[in-house]
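# sequence and predicted structure, then a few things I'm wondering about:
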Amino acid sequence: MARGAQPRDLQAAVALLWGEQEQPTRGPKPSLDPRRIAEAAVAVADAEGLDAVSMNKVAAAFGVSAMALYRYVPSKAELVELMVEAVCAERPDLSGAGDDWRAQVTEWARRHLEVFQQHPWLLAATAMRRQAMGPNQLGWMDTALAALRPSGLTAAHQHRIFLLVVGLVRNLVQQSSDYDEEHEREWNRLNGELLARHADRFPALTDAIAAGAFAPPADDPLEFGVACILDGAQALIERQQR
């Protein structure tokens with residue numbers, strides 16, 4: 001926290017996300033609302049990235065001053081939470097995946113990945129920290145846990161599998177956002193030359209590269225990763241049943 005900064009009022013942040021803040025009974029009718037402000041901020045982030053989002057820039061979209069926005073949103077921290085809530089607006093419908101819990105979890109992961117791909121700034125906005133969560137975000141979690149419920153896993157293990165799937169999705173998004181084709185070629189060239197000179201020092205890595213371990217995957221990385229996680233979950237279920 002910056003020197004002199006006041007601690008956040010998390011109760012007020014939660015009330016804002018859940019639409020439970022007190023409404024003024026007097027004065028002019030508000031011309032804006034948190035939802036519209038969040039949608040404008042999402043448009044900025046989609047076009048220019050999360051760092052480009054500021055109260056000034058969002059206010060300009062409505063032709064008002066930044067100070068006018070503080071009537072609705074206390075700070076950028078709350079604005080970012082509203083933005084996350086806005087892009088998670090639709091709880092995923094997994095009925096198309098059938099009744100199999102593994103297929104439903106895989107479909108949930110794919111839908112989750114799509115949201116991140118549509119809004120690349122979401123990775124930074126949902127970094128591992130204790131942030132206020134709204135009903136839309138919790139709806140996504142509820143849907144994932146509902147898919148895992150028939151698996152036979154304990155509630156604690158369902159939550160851990162959920163976290164592993166979320167971590168896989170975030171890792172794939174991070175890899176995609178960091179990828180640069182030209183840099184990748186140069187990196188491969190330089191490291192290939194290094195390993196050629198020092199192959200005796202890294203025999204396992206050298207053999208793995210020669211065997212194609214780092215070649216582009218032929219299968220879907222998401223499906224492969226989720227299958228590995230759920231195979232582990234299945235093994236855990238079978239151990240518990242013995």
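That came through, no problem.
# per-domain residue ranges of the protein.
Taking automatic domain parsing as the criterion, the chain consists of the domains 10-87, 95-179+212-241.
# so residue 126 sits against residue 84, correct?
Yes: between residue 126 and residue 84 a contact is recorded at 6.0 Å, counting by CB atoms under 8 Å. (Each C-beta comes from the backbone N, C-alpha and C, glycine too.)
# any weak-confidence spans in this protein?
Across the chain, the stretches falling below the confidence threshold (pLDDT under 70) are 1-7, 22-30, 128-130.
# settle it for me: which of residue 126 and residue 84 has more neighbours?
Counted by other CB atoms under 10 Å, residue 126 and residue 84 do not tie: residue 84 has more neighbours, with 23 against 18.
# that one and residue 124 touch, don't they?
No: Residue 84 sits out of contact with residue 124 when judged by CB under 8 Å, with a separation of 10.6 Å.
# so how far is the longest helix along the chain from its chain's centroid?
Using DSSP state H to assign secondary structure, the helix with the most residues in the chain is helix 155-178. Taking the mean C-alpha point of helix 155-178 and that of its whole chain, the gap between them comes to 9 Å (CA atoms, centre = their mean, to the nearest Å).
# dump the C-alpha coordinates for that helix into CSV.
Provided in CSV are the C-alpha atoms of helix 155-178 (Å, rounded to 0.1, in the frame of the first residue of the first chain):
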residue,chain,number,x,y,z
ALA,A,155,-15.5,-31.6,-1.3
ALA,A,156,-11.9,-30.6,-0.4
HIS,A,157,-10.5,-32.6,-3.4
GLN,A,158,-13.2,-31.2,-5.7
HIS,A,159,-11.9,-27.7,-4.8
ARG,A,160,-8.3,-28.7,-5.3
ILE,A,161,-9.1,-30.2,-8.7
PHE,A,162,-10.9,-27.0,-9.6
LEU,A,163,-7.8,-25.0,-8.6
LEU,A,164,-5.6,-27.2,-10.8
VAL,A,165,-7.9,-26.7,-13.8
VAL,A,166,-7.9,-22.9,-13.3
GLY,A,167,-4.1,-23.0,-13.0
LEU,A,168,-3.9,-24.9,-16.2
VAL,A,169,-6.1,-22.4,-18.0
ARG,A,170,-4.1,-19.4,-16.6
ASN,A,171,-0.8,-21.1,-17.6
LEU,A,172,-2.0,-21.6,-21.2
VAL,A,173,-3.1,-18.0,-21.4
GLN,A,174,0.2,-16.8,-20.0
GLN,A,175,2.1,-18.8,-22.6
SER,A,176,0.0,-17.5,-25.4
SER,A,177,0.3,-13.8,-24.3
ASP,A,178,4.1,-14.2,-24.0
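# give me the number of residues near the residue lying closest to residue 50 once chain neighbours are set aside?
Nearest non-adjacent residue to residue 50, counting by CB to CB, 6 or more residues apart in numbering: residue 121, 3.8 Å away. Residues near residue 121, counting by other CB under 10 Å, number 23.
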